[in-house]
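Novice: Sequence first, then the predicted structure, then my questions.
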Amino acid sequence: MKTIQCLFIIWVFLAGGTAAQAQTQKVSVSISGLTCSQCSRSVEMQLKKLAFIQSVEMDLKNTTAVLNIRSNARTDFRAIARAVTDAGFSVAGLEASMYASQLKIDNNGCMQSADGRFYIVNSPLTSGRDLVTFEFLGKPFNSFKVKQQSPSTPCQKNATYFIKARQ
Amino acid sequence: MPEKRYLFYKSAAVAAALYFLSGPGCYAQELYPLHEPASTLGKNTLGVRMFSETYNEINQLRNMSALRLMYGVTPKLTVLATAIGSNHHGKKFPQDYPFHNTPERGAKYPFRFNGGHLYAKYRFLTLDNKNTHFRMAVYGEGTYVNTSHHEAEPNLMMGDTKGIGGGLIATYLYRKLAASLTVGYIHPFAHTGPSPDVSAGIDDTYVRTQYGQSLTYGLSVGYLLLPKTYSSYRQTNLNVYLELHGKRYEDALVTLLLNTPSEYVLSPLRYPDALRRGGYLDISPGIQAIINSNLRIDLSTTFPLLGFSWARLYPVFTVGVQYYFYL
């Protein structure tokens, strides 16, 4: 736990930061149960209702939605998952490209940002890159069981996103 | 020789099935022209559908048309409200019903509003995976119409009879194969109406007909013909369907000279075949185009496969047009 915190502080220091940007730049949602272009369009229309999404690019062949986030907007990841289920389908996975410089560590070992509270289950050290891709774990993003994978921490509350940095 | 022909057809069917199941990059379709799949509409999605059944009956076209609004109340609950009109039903039962003229073929009826149909579907099981899913839903429906219907077979969706119903839908989709099974029950309500007396100058007598309780069943299969690979919403989708559907229903119960001292329930032994218990299985091949991933146009034709329905004449042509609004 402490090792991850230390590595994260080093990572943020190396990455630097730009103050006026949104923490999340892009979100990729893999959708299961999709079988037709009309169904895919239904998902796109639900996602477009979310104010923080600037544009939606649906990959019909791979049943994936790539969401570009508005600058200075707060991303609600649970709202993204809800939009997919509101369209009648299921989230198979969610990944987000986030700026490390926007994440601030708190006393509980959680990462705080405008987009919410995060617990990173692995080392996020990635050669000083500021824009890092994180995989979201647990429901409603995928069936990965978070509690079995991470130590007990005050971050294990409903409002915390469990994420894993892509190395 | 017939055995060889049978083997040829069987081999062709197996080869076609393997071809449909093996192709990569395409997805099956469950937007059946005649049946609802277990999948539900997205939340706050409004669908508008117009559909129509037409068949030839003694040199005139019978037409039943409907305007349907569909709404996704929640991701799992969809409600449908349908207004139905037709030139299929008169206000009165036929003359000398049910001894003669039952069912009445060739009678001229003006096209008029028949009534409405309400339907709600709740998806209670969802097993989704990439390009595949298995879903189950329950449905309930009710129809109110004020029409005389001359056959024991009830029909709620096209408004032949009033009544209530419910059932279960299971839809399985794997790669190119989308199959859906529907099993339901219809509890029709009785209709009371006048029947002209054969003797001139005598007032109409009133007849009450309780239509037969019915089990309904359907199996639908869909396949995406075009495009071979999805790349854009602007690609027109072309789907082909094969739907089997039928009913088993009980005898009707006809009460004659209603509200008179001579009122009596006619023994079913004296009914014409159309008012007796029966059952059938129809087959409906269909084709569907979806334009801009929204405007859906269906065409299908129904033929008898096992037995037949007394309530329609074959072939029955069905056309449907549907569009979604994302609120």
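Specialist: The structure has been received and is ready for your questions.

Novice: what's the helix or strand for whichever residue of the stretch 1-150 of chain B sits closest to chain A?
Specialist: Nearest residue of the stretch 1-150 of chain B to chain A, counting by CB to the nearest CB: B:D128, 3.2 Å away. C-beta here means a position set from N, CA and C on the backbone, and glycine is covered the same way. Here B:D128, judged by DSSP states H and E, is contained in strand B:112-129.

Novice: So what's the model's average confidence on that strand?
Specialist: Strand B:112-129 comes out with an average pLDDT of 96.

Novice: Which residue, neighbours along the chain excluded, lies closest to the residue in the stretch 151-300 of chain B that chain A sits nearest to?
Specialist: For the stretch 151-300 of chain B, the residue positioned closest to chain A under CB to the nearest CB is B:Y230, at a distance of 3.6 Å. For B:Y230, ignoring the flanking residues on the chain, the nearest one in space by CB to CB, 6 or more residues apart in numbering or on different chains is A:L60 at 3.6 Å.

Novice: From what I see, the one you found and B:S232 are in contact.
Specialist: Yes - using CB atoms under 8 Å, A:L60 is in contact with B:S232, at 7.5 Å.

Novice: higher neighbour count, these two?
Specialist: A side-by-side neighbour count of A:L60 and B:S232, using other CB atoms under 10 Å in any protein chain shown, places A:L60 first with 22 against 11.

Novice: Could you tell me the model confidence score at that one?
Specialist: 82.

Novice: cool, and the one 5 residues further on?
Specialist: Listed pLDDT for A:A65 reads 95.

Novice: and it, bridged to which residues?
Specialist: A:V29, A:M58 (DSSP bridges).

Novice: burial count for it?
Specialist: By other CB under 10 Å, neighbour count at A:A65 equals 26.

Novice: From chain B, how far out is it?
Specialist: 13 Å (CB to the nearest CB, to the nearest Å).

Novice: Give me the distance between that residue and B:T229.
Specialist: 18 Å (CB to CB, to the nearest Å).

Novice: Likewise for A:S32?
Specialist: If you go by CB to CB, the gap between A:S32 and B:T229 works out to 19 Å.

Novice: Next: A:R70.
Specialist: According to CB to CB, A:R70 stands 32 Å off from B:T229.

Novice: And the two? Which one has more around it.
Specialist: The neighbour count for A:R70 versus B:T229, taken as other CB under 10 Å, is higher for A:R70 (14 against 11).

Novice: what number of residues lie near the closest residue to the more buried one other than its chain neighbours?
Specialist: Leaving out its chain neighbours, the residue that sits closest to A:R70 by CB to CB, 6+ apart is A:Q54, at 4.5 Å. By other CB under 10 Å, 14 other residues sit near A:Q54.

Novice: Show me the contact partners of the stretch of helix or strand A:Q54 belongs to.
Specialist: For A:Q54, the host element (DSSP H and E) is strand A:53-59. Outside strand A:53-59, the residues within contact range by CB atoms under 8 Å, 6 or more residues apart in numbering or on different chains are A:40-41, A:43-44, A:47-48, A:64-70, A:73, B:233.

Novice: Is it possible to mark the buried ones in the residues you listed?
Specialist: A:40-41, A:43-44, A:47, A:64-65, A:67, A:69, A:73, B:233 (16 or more other CB atoms under 10 Å in any protein chain shown).

Novice: bridging residues for the nearest residue to A:K164 once chain neighbours are set aside?
Specialist: Nearest non-adjacent residue to A:K164, counting by CB to CB, 6+ apart: A:E135, 4.7 Å away. Beta-bridge pairing for A:E135 (DSSP bridges): A:E95, A:K164.

Novice: Could you confirm A:Q46 falls within a helix?
Specialist: Yes - per DSSP: H, G, I helix; E, B strand; the rest coil, A:Q46 lies within a helix segment.

Novice: which ones are touching the nearest residue to A:L34 once chain neighbours are set aside?
Specialist: Distances taken as CB to CB, 6+ apart place A:T63 nearest to A:L34, at 4.2 Å, with adjacent residues excluded. If a contact means CB under 8 Å, 6+ apart, then A:T63 has A:30-32, A:34, A:40, B:130-131 as its contacts.

Novice: Could you list which of those belong to strands?
Specialist: With DSSP state E as the criterion, strands contain A:30-32 from among those.

Novice: Looking at the residues you listed, which is nearest B:G218?
Specialist: Relative to B:G218, the closest of the ones in strands among the contacts of A:T63 is A:S32; by CB to CB it sits at 26.5 Å.
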